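S.K.: Quick one, structure for this:
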Amino acid sequence: MTQITFLMNTKKSPLLPLVKRKFKLHFEPHFDPLFELRFKQRSYLSLGILLGLTILTTTAQADTTGSEDFRTPSAAVDINAPIVALSKLTSVADAKPLKVTVPTIQQFETKAGIPVLFVRTTALPIVDIDLRFNAGSARDGSIRKAGFGIANMTATMLEQGSKSLNENEFTRAVETLGVNLSSSAYKDMFIVSLRSLSDDKHLLPAVDLMTQMLNEPAFDADILARNKARLLVGLQQQKQDPNSLASIAFNEALYGDHPYAHPSVGTLDSVPSIERKELLDFKNRYLVAANASIAMTGNLTLTQAKKLADDITADLPVGQAATTLPEPKPLTKAQHIHIPFPSTQTTVLMGQLGDKRATDAIAQQKQTNFAVGNEVLAGGDFNARLMTEIRQNLGYTYGISGSMSPMLARGPYQIGFSTRNDKARAAIDASLDVINDTLDNGITSTEMRLTTDNLKNSFPMGFASNAGINSLLGMMNFYQLPKNYLTNYVSRIDQVQLPEVNKTMRDTLKPDDFLIVTVGQEDPWKTNK
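M.R.: Reported below is the predicted structural model:
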């Protein structure tokens, strides 16, 4: 099971396309070269949960904010030791500074006033389109109090037929064209995405299916009943997964009555009460032009892109923009939650309220400073301080990492790992010691230089494919970031200064007030250190 879970949680795994297609597994789309490129999100759902939960739901992963894949180099590197082999590589001495040319972004609006970011790429005859709405599961409560799961069910059923095509006919049309057409609901965004060949024979019928999804979904009552029954099975299975239990408890305790507190997929209490009318209400209220943004990448001219964007959104109701989400209140003191679970391992999640997505230059530089410091502290590779101490030196866990997950409102900062039941308290205390030592004494200039070089050199991978480019465009457009956001990325890293990194880390992290959730056989707080 461990090996299967690892493969599914690795974006480069050969199993991933099959898993994503069969189980509708979607990665959190809050892609940012600063955060997600270095911290790939991994689902906390086990294979058993996937079988019961993600067959129906497209957004279970979106509720595991802050969890990442571990990068696993073959061995740790002593960054202070000279590398003898490098002295024999004359090309290293002649290496020039990295020059990055970011894709040319073209910006325009549809006739309905919807902002569009477009990048033309001609290497492949493919077009990627993301239509994003400010309409995630955080809006469930505005349709019905405690109506958790409405956005998710809406996204699920958009793919299950229209007024013109029943479920089987719609699915057959998508598969005949060979396109990828999907819809997903996350905490604060709702995405309808399309990938198609760029010739008219494939693209035009695919766009027609996309507009049918948006404008005339069937929301069949019998299919809704079937969906709810399947989802309830998955939610029951979720009780047997310690990582899911920990994530749900963490979000509930961290956010309280804030809309981010509830799972996007819903709960055992809320799912049975979801009604067809509520899905229509959600669509009519939030899937509107005033709430939308578009990202397009592929083998199109600018003229073709403009016409395509107009065609997709021509029949969208104008509507009204969604209201601003409230800001959650940070915890003012430490809180420890233990969930009994029959297992030889204890799952640990610790953290606090983090940042919202930075949209101005000062806040973006601050988040860059934090990202550099946090990579040294809690990055997923074997050189990170937590990994070095808790895994290598003490042998408490296979892997430990943590990151910030900024969203429209303040997202979580979260560190996660698993360890033996009898070592849980010791591992928690040792982790807090590493964090406190880092805040007290700071990271070193050598660590900072290694991290900034790593971030800059890996940056171009973010737009090495059409999908990567389009994900960046979608993120930028949704959060209303300036066009020069990518262009200024490397300069923000070059402007990182060691004193500011350490100050930002101290100002941001408050380990004495951490929320710590444990799921395991024994309560670590009732045992001796």
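S.K.: how far does the helix or strand encompassing Asn457 sit from the chain's center?
M.R.: Assigned by DSSP states H and E, Asn457 falls within helix 445-458. Chain-centre distance of helix 445-458: 23 Å, with CA atoms, centre = their mean, to the nearest Å.
S.K.: cool, and stretch 326-335?
M.R.: With CA atoms, centre = their mean, you get 22 Å for stretch 326-335.
S.K.: now swap in stretch 235-248 and tell me
M.R.: Centroid separation for stretch 235-248 versus its chain: 19 Å, with CA atoms, centre = their mean.
S.K.: Report the buried residues of that stretch.
M.R.: 235, 237-238, 241-248 (16 or more other CB atoms under 10 Å). Backbone N, C-alpha and C define where each C-beta goes, glycine included.
S.K.: Output the helix holding Asn457 in CSV, but only the C-alpha positions, please.
M.R.: Only the C-alpha atoms of helix 445-458 are listed here, as CSV (Å, rounded to 0.1, in the frame of the first residue of the first chain):
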residue,chain,number,x,y,z
SER,A,445,24.0,32.3,4.2
THR,A,446,25.2,29.0,2.7
GLU,A,447,21.7,27.5,3.2
MET,A,448,20.1,30.6,1.7
ARG,A,449,22.3,30.6,-1.4
LEU,A,450,21.7,26.9,-2.1
THR,A,451,18.0,27.4,-1.8
THR,A,452,17.8,30.6,-4.0
ASP,A,453,19.9,28.9,-6.7
ASN,A,454,17.6,25.9,-6.5
LEU,A,455,14.5,28.0,-6.9
LYS,A,456,15.8,30.0,-9.8
ASN,A,457,17.1,27.0,-11.7
SER,A,458,13.9,25.0,-11.3
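S.K.: what are the ranges of the strands in the stretch 351-500 of the chain?
M.R.: 401-404, 412-420 (DSSP state E, counting those that start in this stretch).
S.K.: Please disregard the earlier target; I meant the chain.
M.R.: Here the chain has its strands, by DSSP state E, at 106-109, 115-120, 126-133, 180-185, 190-197, 292-298, 335-340, 345-353, 401-404, 412-420, 515-520.
S.K.: so which of the ones you listed gets nearest Pro263?
M.R.: Nearest of those to Pro263, taken as CB to CB: strand 180-185 at 11.4 Å.
S.K.: May I have that closest one exported as PDB, CA atoms only?
M.R.: Extracted C-alpha coordinates of strand 180-185, given in PDB (Å, rounded to 0.1, in the frame of the first residue of the first chain):
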ATOM      1  CA  ASN A 180     -10.100  16.200 -21.500                       C
ATOM      2  CA  LEU A 181     -13.200  18.000 -20.200                       C
ATOM      3  CA  SER A 182     -13.700  18.300 -16.500                       C
ATOM      4  CA  SER A 183     -15.000  20.500 -13.700                       C
ATOM      5  CA  SER A 184     -13.700  20.800 -10.100                       C
ATOM      6  CA  ALA A 185     -14.600  22.700  -7.000                       C
END
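S.K.: Partner strands of that strand, with direction?
M.R.: Neighbouring strands of strand 180-185 in its sheet, by DSSP bridges, are strand 190-197 (antiparallel).
S.K.: follow-up on the earlier one: format the strands of the chain as JSON lines; extra columns: mean pLDDT and mean neighbour count.
M.R.: Supplementary listing: the strands of the chain in JSON lines, determined by pLDDT from 0 to 100; neighbours: other CB atoms under 10 Å:
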{"stretch": "strand 106-109", "mean pLDDT": "96", "mean neighbour count": "14"}
{"stretch": "strand 115-120", "mean pLDDT": "97", "mean neighbour count": "22"}
{"stretch": "strand 126-133", "mean pLDDT": "98", "mean neighbour count": "25"}
{"stretch": "strand 180-185", "mean pLDDT": "96", "mean neighbour count": "24"}
{"stretch": "strand 190-197", "mean pLDDT": "98", "mean neighbour count": "22"}
{"stretch": "strand 292-298", "mean pLDDT": "98", "mean neighbour count": "26"}
{"stretch": "strand 335-340", "mean pLDDT": "97", "mean neighbour count": "15"}
{"stretch": "strand 345-353", "mean pLDDT": "97", "mean neighbour count": "24"}
{"stretch": "strand 401-404", "mean pLDDT": "95", "mean neighbour count": "26"}
{"stretch": "strand 412-420", "mean pLDDT": "97", "mean neighbour count": "25"}
{"stretch": "strand 515-520", "mean pLDDT": "98", "mean neighbour count": "25"}
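S.K.: could I get those as a markdown table with distance to Met157?
M.R.: Output for the strands of the chain, formatted as a markdown table (distance: least, CB to CB, whole Å):
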| stretch | distance to Met157 |
| --- | --- |
| strand 106-109 | 30 |
| strand 115-120 | 27 |
| strand 126-133 | 16 |
| strand 180-185 | 9 |
| strand 190-197 | 13 |
| strand 292-298 | 19 |
| strand 335-340 | 32 |
| strand 345-353 | 32 |
| strand 401-404 | 32 |
| strand 412-420 | 29 |
| strand 515-520 | 32 |
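S.K.: With respect to Leu224, which of these lies nearest?
M.R.: Closest of the strands of the chain to Leu224 is strand 180-185, at 15.3 Å (criterion: CB to CB).
S.K.: on that earlier part again, which one of the strands of the chain lies nearest to Leu432?
M.R.: Nearest of the strands of the chain to Leu432, taken as CB to CB: strand 345-353 at 8.0 Å.
S.K.: What angle do strand 335-340 and that closest one make with each other?
M.R.: Here strand 345-353 runs at an angle of 150 degrees relative to strand 335-340 (axes from the mean of the first three to the mean of the last three CA atoms, to 10 degrees).
S.K.: From the chain's centroid, how far away is strand 345-353?
M.R.: Counting by CA atoms, centre = their mean, strand 345-353 is centred 18 Å from the centre of its parent chain.
S.K.: which secondary structure elements does that strand contact?
M.R.: Judged by 3 or more CB pairs under 8 Å, 6 or more residues apart in numbering; DSSP states H and E, strand 345-353 is in contact with helix 242-255, strand 412-420, helix 424-441, strand 515-520.
S.K.: what is the mean pLDDT for the longest one?
M.R.: Spelled out, that is helix 424-441. Per-residue pLDDT values across helix 424-441 average out to 97.
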